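Colleague: Curious how this folds, go ahead:
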Amino acid sequence: MPRPPHASPQTLRLFEALLAEPARWRYGYDLSRETGLASGTLYPILMRLSTQQLLDTGWEASDEPGRPPRHTYRLTADGLVLARERLAAAASRKPGPAAAFVPGKA
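Modeller: Next comes the predicted model:
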């Protein structure tokens, strides 16, 4: 049975990180450090989610002269719903206490 879209372990790690503070704009570099995903894995996921309108993206100017602006990301309302659904589904497939925990849900 094929895996549903947006359910790879890497995408789920990204969803967990973004759901930790869903209203906060996040830099790709910070997401990479937090998730442990290499840029060659992380940025294609970010681009795909953005294209599918599951991520808001923006640019933040640098305070330091000569430094380029930085791209920022956060989940859209649809992205929040999907991320919570995918993490809940993944948690329900795991045995033990982790199945009861759904990141981003209070």
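
Colleague: hey, let's count contacts and neighbours off CA atoms from now on
Modeller: Will do.

Colleague: Please, where are all the strands along this structure?
Modeller: 26-27, 55-60, 70-75 (DSSP state E).

Colleague: Residue 71 is in contact with residue 58, correct?
Modeller: Yes - counting by CA atoms under 8 Å, residue 71 is a contact partner of residue 58 at 5.7 Å.

Colleague: possible to save the strands of the chain as TSV with distance to residue 39 and mean neighbour count?
Modeller: Converted to TSV, the strands of the chain look like this (distance: least, CA to CA, whole Å; neighbours: other CA atoms under 10 Å):
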stretch	distance to residue 39	mean neighbour count
strand 26-27	12	18
strand 55-60	17	16
strand 70-75	13	20
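
Colleague: Distance to residue 86 added to the ones you listed, as CSV?
Modeller: Listed next are those as CSV, based on distance: least, CA to CA, whole Å:
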stretch, distance to residue 86
strand 26-27, 20
strand 55-60, 15
strand 70-75, 14
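
Colleague: While we're on the residue in the chain sticking out farthest from the centre, how confident is the model there?
Modeller: The C-alpha centroid of the chain is most remote from residue 65, which lies 29.7 Å away (CA atoms, centre = their mean). You'll see residue 65 listed with a pLDDT of 86.

Colleague: List the buried residues in the longest helix anywhere in the chain.
Modeller: For the chain, the helix with the greatest residue count under DSSP state H is helix 77-93. Buried residues in helix 77-93, counted by 16 or more other CA atoms under 10 Å: 79-80, 82-84, 86-88, 90-91.

Colleague: State the mean pLDDT of that helix.
Modeller: On average, helix 77-93 scores 92.
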